[in-house]
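Participant: Build the 3D model from these lines:
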Amino acid sequence: MQVKQQGQQPQADASLLFFSGGSALRQLSRKLKTYTHSSVHLITPFDSGGSSATLREAFDMPSVGDLRNRLIALADETALGNPEIYRLFSSRLDIAAEAGMLREELSRLVAGTHPLIAEIPAPLRERARAHLERFSSSMPTDFDLRGASIGNLVLVGGYLASGRDMDAIASSFAQLIAVLGIVLPVADASLHIEAELADGQWITGQHLITSRRGGQRDPKIARLRLCETLQGGDPGRVEISPRARRHIEEAAVICFPMGSFWTSLVANLLPSGVGRAIAGSGASKIYIPNLGEDPEQHGMTISDCIRVLHHQVAQDLGADVAVDQVVGSILIDHRNGAYGDRLDLDEIASLGVQVVDLDLVTENSHSLLDATLLSKALLALAR
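Facilitator: Sure, this is the predicted structure:
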C-alpha cells in the first residue's frame, strides 16, 4: 500500500487515534501532519510535575502541559503568525528571577509591549493578550511565576474564560494556531494518579512515578488508579469525555504508542468508559513498544505490557474480552530496534497478537523510531 509523499495534499480520511501524553510523540506528530490532518490525540490530564503542578495547585484544574505540547507539535507552521505563536507558547519565564521582575514581565506580556507578544500579528496577538490578562487577574497573590511556561499561562487564561471547560479550550486553541489534527484531553477532571508497586507500596503523583529509576532492586509497578489529591485518599472517578468516546468509536486505527508506559499510556485508560469504547471499536488496535529503557517498565516484557493494557480494558468493561479486541498487533523493527530481552516473541504469539516487523529505525534516527517511517507504516495500516 502506498502512502502520500511530502508535497502531495495530506489526506483527510486516515483516522489514526493515539492515547498519549508527554513528549514521546512530538517528532512523530510534526511529521504525521505532513501526511494527514485527521489524526486524533487523546492526552492524559493527570500530570503533576513542572509548571503544570503549580498551576494545578493554584486553580484546582487538570494539567495543560501535555495538551500545549501536542497542539504546538501539530500546528500549521506555514500559517500567518504561527512561528511567533510557537515562540510564545514555547517560552518560559526565568526560573532564577525575583518575583517582582516576573510580575513586571507578565504585565508587559498582557500590555502587548513584550517582544514575544508584540511580534505576533493581529488578531492572534489580541486573543493571546486577552487570555494572559485573564490569567493575570485570576492568579493568587503568592503565585510562583518562576520557570512558568507562557503557553501554559495562555491556556489557563482561556480555560478560566471558557467556564473551566477543557474540551472547549482545546478546540479554541486548535483553531487559533491552525492545528492539523485533533487534540483533546481524555477526560476533564482535576485528579491524580497513584501506582501500587509489586511489594504493596503506593506512590502518588505522576512526577514521583516517572522519577523512579527502575533499578534491579526496585519493585516494579503493578497497577495504577486515580485519586482525588496528591495526598492519596479516596479513589478518583471520572467519565471519558463524550468527544473522546466518539473519536474512539470512529477511528480506523487505535494506537497505543511509545512513551512512558504507565503515566502516559495506561493513565489514559483509567477514566470510566475508555475501556468499553476501545473494546467496542472495530478499529485496528496497535501497540508500539518503546526502544531502549523506560524506567516505568522495569521488570516488564512486551507481553507483560500487552497484558496490562488488556486487563485495564477488561476491568472497565466488567467482563472478559479477547486480547485482540484490545491489542491486535504490535509494530516493531526486530532487526534494528533495541528491545533487549523484553521482546518475548513466543509469549506475544501465545496471546494471539500479530507481530508486524518493519524497518522503523535508521542511522539518522539515533536508535529511536524514525518519524517518517513510522508515519508511513501507520497510515498504510489505516487503509
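Participant: Spatially nearest residue to Met124, not counting backbone neighbours?
Facilitator: Quick fix: residue 124 is Leu, not Met. Gly81 (4.4 Å; Cβ to Cβ, 6 or more residues apart in numbering). The C-beta positions use only the backbone N, C-alpha and C, and glycine is treated the same way.
Participant: Pull the contacting residues for the one you found.
Facilitator: Residues in contact with Gly81 (Cβ atoms under 8 Å, 6 or more residues apart in numbering) are 120-121, 124-125.
Participant: Next, work out how far apart it and Leu88 are.
Facilitator: Per Cβ to Cβ, to the nearest Å, Gly81 is found 10 Å from Leu88.
Participant: Identify the contacts common to the two.
Facilitator: Taking Cβ under 8 Å, 6+ apart as the criterion, Gly81 and Leu88 both touch Ile120.
Participant: Now for His114, how many residues are close by?
Facilitator: Neighbour count of His114, defined by other Cβ atoms under 10 Å: 20.
Participant: Would you mark the buried spots in stretch 314-325?
Facilitator: Neighbour counts over stretch 314-325 (16 or more other Cβ atoms under 10 Å) mark 314, 316-317, 321, 323, 325 as buried.
Participant: Just give me the closest of those to Leu184.
Facilitator: Nearest to Leu184, judged by Cβ to Cβ, of the buried residues of stretch 314-325 is Asp316 at 19.2 Å.
Participant: Check what pLDDT the closest one gets.
Facilitator: pLDDT recorded at Asp316 is 96.
Participant: any idea which element it lies in?
Facilitator: For Asp316, the element it lies in under DSSP states H and E is helix 302-317.
Participant: who does that helix touch, helix- and strand-wise?
Facilitator: Packing partners of helix 302-317 (3 or more Cβ pairs under 8 Å, 6 or more residues apart in numbering; DSSP states H and E): helix 274-280, strand 284-287, helix 345-350.
Participant: out of those, nearest to Ala244?
Facilitator: Counting by Cβ to Cβ, Ala244 lies closest to helix 274-280 out of the helices and strands packed on helix 302-317; the figure is 7.7 Å.
Participant: as a whole number, average confidence for the closest one?
Facilitator: Across helix 274-280, pLDDT averages out at 97.
Participant: any idea how far it is from the chain center?
Facilitator: The chain centroid and the centroid of helix 274-280 are separated by 19 Å under Cα atoms, centre = their mean, to the nearest Å.
Participant: residues in contact with that helix?
Facilitator: Under Cβ under 8 Å, 6+ apart, the answer for helix 274-280 is 186, 240, 244-245, 248-249, 254, 268-269, 285, 312-317, 321, 325-326.
Participant: related to what we said a few turns ago, which two among the buried residues of stretch 314-325 are spaced furthest apart?
Facilitator: In terms of Cβ to Cβ, these reach their longest pairwise distance at Asp316 and Val323, which sit 15.2 Å apart.
Participant: okay, the buried residues of stretch 314-325 in CSV with distance to Leu379 next?
Facilitator: Below are the buried residues of stretch 314-325 laid out as CSV (distance: Cβ to Cβ, whole Å):
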residue, distance to Leu379
Ala314, 29
Asp316, 29
Leu317, 29
Val321, 27
Val323, 25
Gln325, 23
